[in-house]
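> missing the sequence, but the structure's below:
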């Protein structure tokens, strides 16, 4: 058996074995930390693992393999090195596309191990809790964590970027790492008995957790899945969970009492006389849900008063919120181009959103779109119903999932029902299609063009679904409402 210490060591050793033409069934790798009986392991002569292999002598492999292998090397499975060499051998001996074969046993196992390591690294970033101690260099911060895999080399750079000015250490049963303010130093594992006791910082964690705890959404199974019980011993906030659960019913009752007299729907703000003009004016003062608090303004629907097609989006974006008009940002430009290609003049249709206020979250100096909550969709529906009632269109086109769920119902699914005319409570002819922003988020140019053409074709379907005798120049009916 060939002993290797880490990924780089395995990589050097694997190169030498590959150069010598040694197949996977004739070589086995192991690590001292895998707790093998070392007296039974035949090792090569000293230094053989570090023999230099010229790059030109080593066949090229996909860059994705090296990235995956570096992650899998952190897995606790003692057979990980053999699996990596077996996949490497196959990649360089007639199966260069092996990683694309998801049903292959080796590839499937490789990806399972990669995902397990990735999840473990994510949990470490979320569950490491530092305790302050007095050290030789003043305040130092130490955390003890129990991961399933050896993930410190994957997550330590994250903590060094997040806490560059602190001197800190993370201890685990298998390995440890120290950040001295300049570089990372890795060392052996440390038992939990060596972990520092609690400090004043734990009170801050408990206070923070108590402030974000939502008593109205208690899901114990989900909580234990996202915050595994095995980590609770090192998470100070878990000490307050029993009390928070005990207090939850009383807090929920207090929440209901406090909101009993608050508006629950936009219906309270609808004007008695309903025209597009009076609706837009009344919507400026809507407080039917909480979204108005952080939005710049209400963004009401706009378009022809005699439109026979109504396009319904999700909600205003950042640019729409600032300008006060629907679909004027990047998604609006995609929509305009699709309408033109479908032979439809935007001035002849009516464009609105299921939710009239911009729901966002801060990200630095930017405001990033955030999907509107179900309560906001429900509260805002009276505005959409009123718009459609005034216009009485022949076709309603839902742009995206949120609009489809608002118009058709929660069972609506754009990927399944896109492009098909169906009946809804708002209109006898309703059609779902892609939201233009989904096209902008497509993973590549091919997907973007495919989705764009599907949007164009769906708009053509909506146009053709109108009453017989309406030509392209008659998209808007005469008269006014």
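Right, received. Where do you want to start? Quantities reported herein were computed from a predicted structural model and do not represent experimental measurements. Residues are numbered from 1 along each chain as shown.

> got a list of what the residue nearest to the spatial centre of the chain touches?
Centroid check for the chain by Cα atoms, centre = their mean gives residue 370 as the closest residue, at 11.4 Å. Each residue near residue 370 by Cβ atoms under 8 Å, 6 or more residues apart in numbering is listed here: 359-361. Any C-beta I mention is one placed from the backbone N, CA and C, and that applies to glycine too.

> out of those residues, which are buried?
The neighbour-count test (16 or more other Cβ atoms under 10 Å) marks 359-360 as buried among those.

> from the contacts of residue 370, pick the one nearest residue 183.
Of all those, residue 361 has the smallest distance to residue 183: 34.9 Å, by Cβ to Cβ.

> so what does the residue nearest to the closest one when sequence neighbours are not counted look like in phi/psi?
Spatial nearest neighbour of residue 361, excluding adjacent residues (Cβ to Cβ, 6 or more residues apart in numbering): residue 370 at 4.8 Å. Residue 370 has phi and psi values of phi -130, psi 130 when expressed as degrees, to the nearest 10.

> and stretch 121-132, which residues are buried?
Here stretch 121-132 shows 121, 123-124, 127-132 as buried, counting by 16+ other Cβ under 10 Å.

> how about the strands in the stretch 251-400 of the chain?
Along the stretch 251-400 of the chain, counting by DSSP state E, counting those that start in this stretch, strands occupy 302-303, 309-313, 350-353, 360-363, 366-369, 395-399.

> do the stretch 1-150 of the chain as well
Going by DSSP E, counting those that start in this stretch, the stretch 1-150 of the chain shows strands at 2-3, 29-30, 131-135, 138-144.

> neighbours of residue 458, how many?
Residue 458 has 21 neighbours, counted by other Cβ atoms under 10 Å.

> test my guess that it contacts residue 433.
Yes. Residue 458 is within contact range of residue 433, at 3.8 Å (criterion: Cβ atoms under 8 Å).

> shared neighbours of the two, anything?
Joint contacts of residue 458 and residue 433 (Cβ under 8 Å, 6+ apart) are 397, 418-419.

> who wins for most neighbours among those residues?
Neighbour-wise, those (other Cβ under 10 Å) top out at residue 397, 28 neighbours.

> from residue 414, how far out is that one?
11 Å (Cβ to Cβ, to the nearest Å).

> give the intersection of the neighbour lists for these two.
With Cβ under 8 Å, 6+ apart as the test, residue 397 and residue 414 both reach 432-433.

> outline the domain layout of this structure.
Annotated domains of the chain cover 2-30+62-123, 129-188, 203-261, 267-468 [the TED database].

> pLDDT below threshold where in this protein?
33-59, 198-201, 204-206, 209, 217, 236-240, 256, 258-263, 467-481 (pLDDT under 70).

> where is the longest helix in it?
Looking across the chain with DSSP state H, the single longest helix is helix 105-127.

> just checking, what packs against it?
Where contact means 3 or more Cβ pairs under 8 Å, 6 or more residues apart in numbering; DSSP states H and E, helix 105-127 is packed against helix 63-72, helix 80-91, helix 152-162.

> circling back to that earlier point, nearest to residue 211, out of the strands of the stretch 1-150 of the chain?
Comparing these against residue 211 with Cβ to Cβ, the closest turns out to be strand 131-135 (21.0 Å).

> what strands line up against that closest one, and which way round?
Taking DSSP bridges as the criterion, strand 131-135 forms sheet pairs with strand 138-144 (antiparallel).

> distance between the partner strand and the chain's centre?
32 Å (Cα atoms, centre = their mean, to the nearest Å).

> same question for stretch 174-193.
31 Å.

> quick one: contacts of that stretch?
33, 144, 146, 150, 152-153, 156-157, 159-160, 163-173, 233.

> and the residue nearest to the centre of the chain, how far is that from residue 402?
11 Å.

> same question, residue 265
18 Å.

> what's the answer for residue 425, then?
Applying Cβ to Cβ to residue 425 and residue 402 gives a distance of 16 Å.

> show me what contacts the closest residue to residue 366 other than its chain neighbours?
Excluding the flanking residues, the one nearest residue 366 by Cβ to Cβ, 6+ apart is residue 318, at 7.9 Å. When contacts are counted by Cβ under 8 Å, 6+ apart, residue 318 touches 329, 358, 360, 366-367, 369.

> which of the residues you listed has the most neighbours?
Neighbour-wise, these (other Cβ under 10 Å) top out at residue 358, 26 neighbours.

> tell me the contacts of it?
Here residue 358 is in contact with 291, 294-296, 299, 315-318, 320-321, 367, 369 (Cβ under 8 Å, 6+ apart).

> okay, now the residue found closest to it once you drop the neighbours it is linked to in the chain: neighbour count?
Closest residue in space to residue 358, ignoring its immediate chain neighbours: residue 321 at 3.7 Å, by Cβ to Cβ, 6+ apart. By the criterion of other Cβ under 10 Å, residue 321 has 22 neighbours.

> isn't residue 321 right up against residue 299?
Yes. Counting by Cβ under 8 Å, residue 299 is a contact partner of residue 321 at 6.4 Å.

> hey, what's in contact with both of those two?
Joint contacts of residue 321 and residue 299 (Cβ under 8 Å, 6+ apart) are 357-358.

> what does stretch 402-418 contact?
The contact list for stretch 402-418, computed with Cβ under 8 Å, 6+ apart, reads 312-315, 353-355, 371-372, 377, 380-381, 384, 396, 398, 400-401, 422, 424-427, 430, 432-435, 454, 458.

> now it: buried residues?
402-408, 412, 414, 417-418.

> before we move on, what about stretch 66-73?
For stretch 66-73, using 16+ other Cβ under 10 Å, the buried residues are 68-73.

> can you check stretch 267-281 too?
269-270, 276, 279-280.

> could you tell me the end-to-end distance of that stretch?
14 Å (Cα to Cα, to the nearest Å).

> reformat the strands of the stretch 1-150 of the chain as TSV; add distance to residue 440.
Below are those laid out as TSV (distance: least, Cβ to Cβ, whole Å):
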stretch	distance to residue 440
strand 2-3	50
strand 29-30	46
strand 131-135	45
strand 138-144	41
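
> residue 78: which of those is closest?
Closest to residue 78 of the strands of the stretch 1-150 of the chain, according to Cβ to Cβ: strand 29-30, at 6.8 Å.

> helices and strands around that closest one, which ones?
strand 2-3, helix 80-91.

> what comes into contact with it?
Residues contacting strand 29-30 (Cβ under 8 Å, 6+ apart): 1-4, 10, 13, 36, 41, 78, 81-82, 85.

> adjacent strands (with direction) for that strand?
Next to strand 29-30 in the sheet, as set by DSSP bridges, lie strand 2-3 (parallel).

> centre of the chain to the partner strand, how far?
Counting by Cα atoms, centre = their mean, strand 2-3 comes out at 40 Å from the chain centroid.

> ditto for stretch 114-121
Between the centre of stretch 114-121 and the centre of its chain there are 16 Å (Cα atoms, centre = their mean).

> so which bits of that stretch are buried?
Quick answer for stretch 114-121 (16+ other Cβ under 10 Å): 114, 116-117, 120-121.

> kindly reformat the contacts of residue 318 as a markdown table containing distance to residue 180.
Below are the contacts of residue 318 laid out as a markdown table (distance: Cβ to Cβ, whole Å):
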| residue | distance to residue 180 |
| --- | --- |
| 329 | 47 |
| 358 | 45 |
| 360 | 40 |
| 366 | 34 |
| 367 | 38 |
| 369 | 41 |
